[in-house]
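Chemist: Could you work out the structure for the sequence below:
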Amino acid sequence: MSRVGLLPVTIPEGVTIDLAGQVLTAKGKQGELNLTFVDDVVPSVEDGNIWVKPANDSLKARKMWGTFRSLASNVVIGVSEGFTKDLQVNGVGYRAQVQGKDLVLQLGHSHEIRHPIPEGIKITCETQNDISIFGADKQAVGATAAKIRSYRPPEPYKGKGVKYKDEQILRKEGKKK
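Modeler: Model (predicted):
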């Protein structure tokens, strides 16, 4: 049985929820997001809470129960507060800056890398080494951060590359003379 699915999703002030059949639409100060539930779960809105229940007693319904409760929670938090991922660029000559609708990265290649900023995502660079990614859609924020990190993942010897701000890199010892 899902322990996550038993909990309701509380709707905060300033967020309006529309439930039409299996489609949940949330509007808040960060924008508007939609979530389409599968047929194995039954969503309902009661007393300022979103409840998700399994439609039947099948294994798939019980699996989807907790998953879609978490997805509904992410939608509500996304339109009310938003999600942020912070990246850090480490290395001599490595830097990042926002130019127009592109994030320009210099990561030790012979060329600069231009990453187009997706719709609904806001990227800021406080310094040349810090990148902050903000958006209402948790999946889009995480995917954008992972794509930027993939251009030059941190290496274990000197720690050079793009890493998440809270990521711990397992450092290795170099060759002995």
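
Chemist: Tell me, how many residues neighbour the residue nearest to Ile121 when sequence neighbours are not counted?
Modeler: Leaving aside its chain neighbours, Ile121 sits nearest to Gly135 (4.4 Å; criterion: CB to CB, 6 or more residues apart in numbering). For every residue, glycine as well, the C-beta is placed using N, CA and C. Residue neighbour count, defined by other CB atoms under 10 Å, stands at 23 for Gly135.

Chemist: which residues does Gly135 bridge with?
Modeler: Taking DSSP bridges as the rule, Gly135 bridges to Phe83, Ile121.

Chemist: I figured it was touching Glu119, is that so?
Modeler: No - the criterion here is CB atoms under 8 Å, and Gly135 misses it with Glu119 at 9.5 Å.

Chemist: show me what contacts the residue nearest to Ile121?
Modeler: 78, 82-83, 120-122, 141, 144 (CB atoms under 8 Å, 6 or more residues apart in numbering).

Chemist: ranking these by neighbours, who comes first?
Modeler: Using other CB under 10 Å as the neighbour test, these are led by Gly78, with 25 neighbours.

Chemist: For that one, give its distance to Val9.
Modeler: Between Gly78 and Val9 the distance is 12 Å, computed by CB to CB, to the nearest Å.

Chemist: Please determine how far the residue nearest to Ile121 is located from Ser80.
Modeler: Going from Gly135 to Ser80 by CB to CB gives 13 Å.

Chemist: what's the longest helix in this protein?
Modeler: When the chain is parsed with DSSP state H, its longest helix is helix 59-80.

Chemist: Counting by contacts, list what that one packs against.
Modeler: Packed against helix 59-80 by the contact rule (3 or more CB pairs under 8 Å, 6 or more residues apart in numbering; DSSP states H and E) you find strand 9-10, strand 23-28, strand 31-36, strand 41-46, strand 49-54, helix 138-150.
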